[in-house]
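S.K.: Return a 3D structure for these sequence lines:
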Amino acid sequence: MTKIALLFLLVVALVTGSAMLWQHFRYLGLRRGVVQDRQTVFHSTRTFHTLTFLTLSPGTHVVDEVRALKRATEGSEADWIYAGKVVLSPLHSEQIGVKAWNAVVLLQYPSREAYERHAQSDELKSALGRYDEVYTQGFQRSLGLSAVFPQILLAVRVGRIVTGRPSIFPFVRAQSTDNFPEAPEFAARLLEEKEFGADAVVVVNLLRNGTPEQQAADRSYGASMFGAMAEGAYGPQHVGRAVRVERDYDFDQIAIVYYPGRKFFGDMILSDYYQSIYSNKQLNDSQAVITAPILDRVEEDERTPKEDTR
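M.R.: Got it, this is the predicted structure:
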């Protein structure tokens, strides 16, 4: 009987380990191939990340302008992790105000000190001077939490199957959008984007925690979202503690989340599922921008000039 029990435990361990490896490489493949995210799985605890939000001058093309910034950072200690064209800004921070951001860039530095050296350099100051508006938010990426998110989602998925929870997909269109009245407009604006975002959009969130009651409600919202993420194979790419590097804006967390395309996101926010949980999304302050990956295009050596597609 003991041998049978040991054999059973061995089989369970092998199945579990295989599932976890499959989940890891599944999400790694999405990160690399679909989201165009260059983040390594492991990095030093001293590693420092920055999100830079850019407003471009009228008549310029977002890919050309972000490429110019990338070229200006060559030879520095900055590693390019992600670049996205802003498709929609559904939430504007009360601290930052309403801004017409056109692009977001995620960079990684060996340390905060390395970032500070780069930020004070004439090269970076000159490169950022070409944009109409720039805001940089630092953050300390949570290495452990970011690395295990795929496994957390796997556990959530298994739990939903074992407990017989019904599938969230396909999304069922809500009869009323009273809980999130801006949803129809936002969904329509997402579909207006023709060049980017068909396969992936990335929501970049700056978050400031609310009251204990708000935080409890927001955890309920997050748990509901994790259920869909676990089933649909999407979810958080980067999470971490916000670190102020300029101005007096005060945020607590950074969350960067991948969704399988602009149509998917539009269908989600118009669904019964999302309308039923949206009221639980409660924070003291937040800025959210929906971006489409463009780093592959930025890294191309040449491209045919196009009209402004911002």
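
S.K.: Which helix or strand lies directly C-terminal to the host helix or strand of Met229?
M.R.: When elements are assigned from DSSP states H and E, Met229 belongs to helix 212-232. The first helix or strand that comes after helix 212-232 along the chain, using DSSP H and E, is strand 235-243.

S.K.: residues of that next one that come out buried?
M.R.: Across strand 235-243, burial judged by 16 or more other CB atoms under 10 Å covers 235-240, 242-243. Heads up, the C-betas are built off the backbone N, CA and C, glycines and all.

S.K.: who does that strand pair up with?
M.R.: Using DSSP bridges, the strands paired with strand 235-243 are strand 133-141 (antiparallel), strand 253-259 (antiparallel).

S.K.: Burial-wise, tell me which of these comes out on top.
M.R.: strand 253-259 (a mean of 22; mean count of other CB atoms under 10 Å).

S.K.: ok and it relative to helix 212-232, angle-wise?
M.R.: 30 degrees (axes from the mean of the first three to the mean of the last three CA atoms, to 10 degrees).

S.K.: Name the next helix or strand downstream of strand 253-259, please.
M.R.: Per DSSP H and E, the first helix or strand lying C-terminal to strand 253-259 is helix 262-269.

S.K.: any chance of the buried residues of strand 235-243 in CSV, plus distance to Thr45 and pLDDT?
M.R.: Conversion of those to CSV gives the following (distance: CB to CB, whole Å; pLDDT from 0 to 100):
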residue, distance to Thr45, pLDDT
Gly235, 23, 97
Pro236, 19, 96
Gln237, 19, 96
His238, 15, 96
Val239, 15, 96
Gly240, 12, 96
Ala242, 17, 98
Val243, 14, 98
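
S.K.: Restricting to C-alpha, output the helix holding Met229 in PDB.
M.R.: Output in PDB follows, covering the C-alpha atoms of helix 212-232 (Å, rounded to 0.1, in the frame of the first residue of the first chain):
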ATOM      1  CA  PRO A 212     -10.000  49.900   3.800                       C
ATOM      2  CA  GLU A 213     -13.600  49.600   2.500                       C
ATOM      3  CA  GLN A 214     -12.500  50.600  -1.000                       C
ATOM      4  CA  GLN A 215      -9.600  48.200  -0.900                       C
ATOM      5  CA  ALA A 216     -11.900  45.300   0.100                       C
ATOM      6  CA  ALA A 217     -14.200  46.100  -2.800                       C
ATOM      7  CA  ASP A 218     -11.300  46.300  -5.200                       C
ATOM      8  CA  ARG A 219     -10.000  42.900  -4.100                       C
ATOM      9  CA  SER A 220     -13.400  41.500  -5.000                       C
ATOM     10  CA  TYR A 221     -13.100  43.100  -8.400                       C
ATOM     11  CA  GLY A 222      -9.600  41.700  -8.800                       C
ATOM     12  CA  ALA A 223     -10.700  38.200  -7.800                       C
ATOM     13  CA  SER A 224     -13.500  38.300 -10.400                       C
ATOM     14  CA  MET A 225     -11.000  39.500 -13.100                       C
ATOM     15  CA  PHE A 226      -8.500  36.700 -12.200                       C
ATOM     16  CA  GLY A 227     -11.200  34.100 -12.900                       C
ATOM     17  CA  ALA A 228     -11.500  35.400 -16.500                       C
ATOM     18  CA  MET A 229      -7.800  35.800 -16.900                       C
ATOM     19  CA  ALA A 230      -7.200  32.200 -15.700                       C
ATOM     20  CA  GLU A 231      -9.700  30.900 -18.200                       C
ATOM     21  CA  GLY A 232      -8.700  33.200 -21.100                       C
END
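
S.K.: Quick one: closest of the strands paired with strand 235-243 to Lys125.
M.R.: Comparing the strands paired with strand 235-243 against Lys125 with CB to CB, the closest turns out to be strand 133-141 (10.1 Å).

S.K.: Can you list the buried residues in the next helix or strand after that closest one?
M.R.: Next along the chain after strand 133-141, taking DSSP H and E as the criterion, comes helix 143-162. Buried residues in helix 143-162, counted by 16+ other CB under 10 Å: 146, 149-150, 152-154, 156-157, 160.

S.K.: next one: stretch 71-91
M.R.: 72-73, 76-91.

S.K.: average pLDDT for that stretch?
M.R.: Per-residue pLDDT values across stretch 71-91 average out to 97.

S.K.: from here on, count from 694
M.R.: In the new numbering, first residue 694, that becomes stretch 764-784.

S.K.: Now do the helices in this structure.
M.R.: Using DSSP state H, the helices of the chain run over 695-722, 755-765, 805-812, 815-821, 836-855, 876-885, 905-925, 955-962, 965-970, 988-991.

S.K.: And these: which comes nearest Asp978?
M.R.: helix 905-925 (10.9 Å).
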